[in-house]
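Colleague: Give the three-dimensional model of this entry:
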Amino acid sequence: MDWFNFFTGKIAFGSIAGIAIAAVITCWRAGSFYPVNARLLRFFISKDEIEDPDIRQNLADQAALVSFRMTHGVRSRTIIDAKRLALFSKEKNLPLDLIGKAGWVFDLKKLEINPKRIPHGGWPVGAAILLFFFIFAMIISAAIASVDDLLITIKGTDTSLWLSKDEARKVRPFFGARSRFSKDDCLEIKNIDTPAGFHPGDTKILCDIWKNPSLGKSLEKEIHTQHWAFWWAFVMCALYALMIFRVMNQWLSQIELNKMILLDKMQEKT
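Modeller: Residues are numbered from 1 along each chain as shown. I've put the predicted structure just below:
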């Protein structure tokens, strides 16, 4: 690597960001900063410089343990615990990644399920409903954030509208034609009917709004604020959806692992 290019910013930002994200994911999966610490250490001390055989073996065991934890998501604390778990998984024909996903339900020391921590079968269903709600909220937030009209509610009439510089459209929840009232209609306001979904007083209020010479700047500012607000709402809903998905996935894994262990015990008895 050309260090001059690195420090002067000529190396692509995407490559640096990719390495940083990979490091974060690796440490998160492994539950330890060992992968990053080991790489940093290699800049100054190579493996060949470590002459003590016990220290070399300890470092090799630590690297193997971290690789085991990252691969399967299992939080084994020592290399001996990891070996015992690997042997148990092989004997019982249990997927190690399923044990990792089950989390705290499985006791890594005793190599058994804690029945008090098994979730009720209805919990994943409730989580799925909540997940659907947040996904739906994400879609709505993204849709509103991508619109260049301002979402307003007229006081006194509680009419919800999409307002632009020259047009107002009635808000519809999902589908269907949206009634419109344009700035040009104000020229003939005495001769036109109130559009469907509009309150009789809405047309006068809208015409007064459009007469305001500072509407353009104010509208642009408010739309910009609306974009940011709903993009933030989208991000928050996405984070909550991700957390709920992980919890739901963990509950399903715990239930599945419990069934597999119970089935294995029944087969041993027979």
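
Colleague: Now do the buried residues in the helix or strand hosting residue 139.
Modeller: Using DSSP states H and E, residue 139 falls within helix 123-145. Within helix 123-145, the residues that count as buried by 16 or more other C-beta atoms under 10 Å are 123, 124, 127, 131, 134, 135, 137, 138, 141, 144, 145. For the C-beta atoms, the positions are set from N, CA and C on the backbone; glycine is no exception.

Colleague: and if you look at stretch 245-265?
Modeller: 247, 248, 250, 251, 252, 253, 254, 255, 257, 258, 260, 261.

Colleague: what do you get for stretch 213-222?
Modeller: Across stretch 213-222, burial judged by 16+ other C-beta under 10 Å covers residue 219.

Colleague: before we move on, what about stretch 195-206?
Modeller: Those would be 195, 197, 198, 202, 203, 205, 206, for stretch 195-206 by 16+ other C-beta under 10 Å.

Colleague: ranges for the helices of this protein?
Modeller: Under the criterion DSSP state H, the chain carries helices at the ranges 3-7, 13-30, 34-42, 53-72, 79-92, 96-102, 123-145, 202-211, 215-269.

Colleague: mind putting those in TSV, mean pLDDT and distance to residue 169 included?
Modeller: As requested, these are exported to TSV (pLDDT from 0 to 100; distance: least, C-beta to C-beta, whole Å):
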stretch	mean pLDDT	distance to residue 169
helix 3-7	53	52
helix 13-30	72	40
helix 34-42	70	53
helix 53-72	82	52
helix 79-92	90	60
helix 96-102	89	47
helix 123-145	94	13
helix 202-211	84	11
helix 215-269	90	14
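
Colleague: TSV please, covering the buried residues of stretch 195-206 and showing distance to residue 267.
Modeller: Formatted as TSV, the buried residues of stretch 195-206 follow (distance: C-beta to C-beta, whole Å):
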residue	distance to residue 267
195	71
197	65
198	70
202	72
203	76
205	75
206	74
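
Colleague: Show me which pair in these is furthest apart.
Modeller: Taking C-beta to C-beta as the measure, the buried residues of stretch 195-206 span a maximum distance of 14.7 Å, between 197 and 205.

Colleague: Looking at the buried residues of stretch 245-265, which one is closest to residue 78?
Modeller: residue 257 (22.2 Å).

Colleague: Now for the closest residue in space to the closest one that isn't next to it in sequence, how many residues are close by?
Modeller: Distances taken as C-beta to C-beta, 6 or more residues apart in numbering place residue 102 nearest to residue 257, at 4.6 Å, with adjacent residues excluded. A count of nearby residues for residue 102, using other C-beta atoms under 10 Å, gives 24.

Colleague: next one: the one 10 residues further on
Modeller: A count of nearby residues for residue 112, using other C-beta under 10 Å, gives 11.

Colleague: heads up, I number from 581, so please use that
Modeller: Happy to do that; since the first residue is 581 now, the last one works out to residue 692.

Colleague: who's in contact with it?
Modeller: Residues counted as contacts of residue 692 (C-beta atoms under 8 Å, 6 or more residues apart in numbering) are 686, 841.

Colleague: Report the beta-bridge partners for it.
Modeller: residue 687 (DSSP bridges).

Colleague: just the angle between the helix holding residue 719 and helix 795-849, please?
Modeller: 160 degrees (axes from the mean of the first three to the mean of the last three C-alpha atoms, to 10 degrees).

Colleague: other SSEs contacting helix 703-725?
Modeller: Contacting helix 703-725 under the criterion 3 or more C-beta pairs under 8 Å, 6 or more residues apart in numbering; DSSP states H and E are the following elements: helix 795-849.

Colleague: Tell me the spacing between the residue lying closest to residue 821 once chain neighbours are set aside and residue 797.
Modeller: In space, and not counting its chain neighbours, residue 821 is closest to residue 714: 4.1 Å by C-beta to C-beta, 6+ apart. Going from residue 714 to residue 797 by C-beta to C-beta, to the nearest Å gives 35 Å.

Colleague: what sits up against the helix holding residue 719?
Modeller: Here helix 703-725 has contacts from 731, 806-807, 810-811, 813-814, 817-818, 820-821, 824-825, 827-828, 831-832, 835, using C-beta under 8 Å, 6+ apart.
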